[in-house]
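K.L.:
What follows is a predicted protein model with its sequence.
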Amino acid sequence: MPAAERALSSDSGARPRLLAPAAVLVASLLCFFALALLAHPSTPSGLDGRVNAFAAAHRSAALTTFFTGYTSLGQWLVLTAATAAVLAALAWRARRRDAVFLLIAMIVSPLLNLALKHLFERVRPPAESAVLSVNGYAFPSGHAMSSATFALALAVIAWPTRWRWPAAGLAATFALLMGLSRVYLGVHWLTDVLAGWVLAVAVVAATQLIVESVTARRSRRSREKRAATPLQVVFLDWGNTLMVDYGTQSGPMAAWPEVRAVDGAQDALRRLRPHYRLLVATNADDSGERDVLAALSRVGLDELVDGVVSSRDVGARKPDAFFYRAALLRAGRAGLPLAPARAVMVGDSWPNDVVGAGAAGLRAVWLNPSKARRPDGAAAPDAEIRKLADLPQALARLSGAAPVAPPRRAG
């Protein structure tokens, strides 16, 4: 695929990712404007008054103790400390994009809240009916907005992982109880809390929109830069890319009863070896480099690769960015990692070998023998092949080099 076509495909793939947060942002802002009409400073009555009177009439010692303690979790200092802890964890896992997303959301949320409080200047419920003594304006609720922003941002970060539903459930529970605590304790009107919630949605959606737009722009520029950079290293996935994975064998690969190379593997590696360094990059939790090389020797491929990057040795699995950082370090020289643009990942797993490699700055070749469709809205890989025998020509096109001729046969 020519570079211009890949860039166009990348742009079209980014549009669906921008439409969803844009739609959520517009909807949440409309909800906020509707609530703002109900929250005029001079009219803290109607539904707001009835809800606060109901909460005051149904207080109990146990609930008051619980909500008094719980509402302290929404204080600025607590949320700041929690945000810092999450940022540190994301940085350690090399998830810079998610860290930037969370940081922007948690900076914008309190600043916007403070500005709107002074814009509307809505008074709080009567102090004589409140459990706590607080100062400042009421609309929108700062506790409700900041806690919901934090919880929702974490849910968005966790959504691509297997923890999506537990994270979403905990986020909703945390934000809901925080909002209820403000009304129960008599320090906010119901519309203050509702406005805080919808503004949290707006802040997270707007931040997502900004981050996705910047990511798409950088991805396009990165593709253009990579297209002008010659390839030096080819990472090859193990299972069903270089070797057949039956899915029934466990333990170190060297001890497996049967190992078999995929059709055309040896011929493809022989054609590639004069032009690139070849390394196996595998999520082999039970096999280190020596085990993988021993298994490759049983099918005559060990002398055709320059090394192995195994998840057992690295301590992380594809598509984790830490795995790819370790792979680039292994492919580098003199203790310096190889530039990502000089490497390509070849594999059959869309999330592991295509998305993970792309996020780490590598080029990606998707081995797709079944002609599966890529996920809706996903950008096209740098190249797509049906069989490993097609890889030399695909890499030659990516490198802008002459086609890789098949090896001459004796006789």
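P.N.:
Yep, it's here.
K.L.:
what packs against the helix or strand where L269 lies?
P.N.:
Using DSSP states H and E, L269 maps to helix 265-272. Counting contacts by 3 or more C-beta pairs under 8 Å, 6 or more residues apart in numbering; DSSP states H and E, helix 265-272 packs against helix 391-399. No exception for glycine: its C-beta is placed from N, CA and C like everyone else's.
K.L.:
just the CA coordinates of the helix it packs on, formatted as CSV?
P.N.:
What follows is helix 391-399 as a C-alpha-only set of coordinates in CSV (Å, rounded to 0.1, in the frame of the first residue of the first chain):
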residue,chain,number,x,y,z
LEU,A,391,6.8,-11.4,3.6
PRO,A,392,10.0,-10.6,1.6
GLN,A,393,8.1,-8.7,-1.1
ALA,A,394,6.0,-6.9,1.5
LEU,A,395,9.1,-5.7,3.4
ALA,A,396,10.8,-4.7,0.2
ARG,A,397,7.8,-2.5,-0.6
LEU,A,398,7.9,-1.0,2.9
SER,A,399,11.6,-0.3,2.6
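K.L.:
Can you tell me what sits against it?
P.N.:
227, 230-231, 234, 268, 271-272, 275-276, 344, 346, 363, 365, 367, 382-383, 385, 402-404 (C-beta atoms under 8 Å, 6 or more residues apart in numbering).
K.L.:
Select only the buried ones of these in PyMOL?
P.N.:
The following PyMOL line selects those of the contacts of helix 391-399 that are buried, judged by 16 or more other C-beta atoms under 10 Å:
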select buried, resi 227+231+234+268+271+272+275+276+344+346+363+365+367+382+383+385+404
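K.L.:
Mind checking which of the contacts of helix 391-399 land in strands?
P.N.:
In strands, judged by DSSP state E, the following of those are found: V234, V344, V346, R363, V365, L367, A383, I385.
K.L.:
Switch the residues you listed over to CSV; also include distance to A206.
P.N.:
As requested, those are arranged in CSV below (distance: C-beta to C-beta, whole Å):
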residue, distance to A206
V234, 40
V344, 35
V346, 38
R363, 32
V365, 36
L367, 38
A383, 35
I385, 40
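K.L.:
Just name the closest of those residues to V156, please.
P.N.:
Of all those, V156 sits closest to R363, with 27.6 Å by C-beta to C-beta.
K.L.:
Check the closest one and give its pLDDT.
P.N.:
Looking at R363, its pLDDT reads 91.
K.L.:
follow-up on the earlier one: orientation of the helix holding L269 relative to strand 343-347 in degrees?
P.N.:
170 degrees (axes from the mean of the first three to the mean of the last three C-alpha atoms, to 10 degrees).
K.L.:
Would you mind listing the buried residues in the host helix or strand of A167?
P.N.:
Counting by DSSP H and E, the element that carries A167 is helix 164-184. Buried residues in helix 164-184, counting neighbours by 16+ other C-beta under 10 Å, are found at 167-168, 171, 174-184.
K.L.:
Need the residues you listed in JSON lines (columns: distance to R97).
P.N.:
Below are the buried residues of helix 164-184 laid out as JSON lines (distance: C-beta to C-beta, whole Å):
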{"residue": "A167", "distance to R97": "17"}
{"residue": "A168", "distance to R97": "20"}
{"residue": "A171", "distance to R97": "19"}
{"residue": "F174", "distance to R97": "23"}
{"residue": "A175", "distance to R97": "23"}
{"residue": "L176", "distance to R97": "28"}
{"residue": "L177", "distance to R97": "30"}
{"residue": "M178", "distance to R97": "27"}
{"residue": "G179", "distance to R97": "29"}
{"residue": "L180", "distance to R97": "33"}
{"residue": "S181", "distance to R97": "33"}
{"residue": "R182", "distance to R97": "32"}
{"residue": "V183", "distance to R97": "36"}
{"residue": "Y184", "distance to R97": "38"}
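K.L.:
In TSV: the residues you listed, plus distance to A39 and pLDDT.
P.N.:
As requested, those are exported to TSV (distance: C-beta to C-beta, whole Å; pLDDT from 0 to 100):
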residue	distance to A39	pLDDT
A167	31	91
A168	28	92
A171	25	92
F174	24	95
A175	19	94
L176	20	95
L177	22	95
M178	19	95
G179	15	94
L180	18	95
S181	19	95
R182	14	93
V183	14	94
Y184	19	94
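K.L.:
Closest one of those to L296?
P.N.:
Out of these, the member with the shortest distance to L296 (by C-beta to C-beta) is A167, at 39.7 Å.
K.L.:
From T68, how far off is the closest one?
P.N.:
Distance of A167 to T68, given as C-beta to C-beta, to the nearest Å: 27 Å.
K.L.:
Equivalent analysis for A61, please.
P.N.:
When A61 is compared with T68 (using C-beta to C-beta), they lie 11 Å apart.
K.L.:
what about these two, which has more around it?
P.N.:
T68 (14 against 7; other C-beta atoms under 10 Å).
K.L.:
so what's the more buried one up against?
P.N.:
V131, L132, S181, L185 are the contacts of T68 under C-beta under 8 Å, 6+ apart.
K.L.:
And the pLDDT for it?
P.N.:
pLDDT, read off for T68, is 94.
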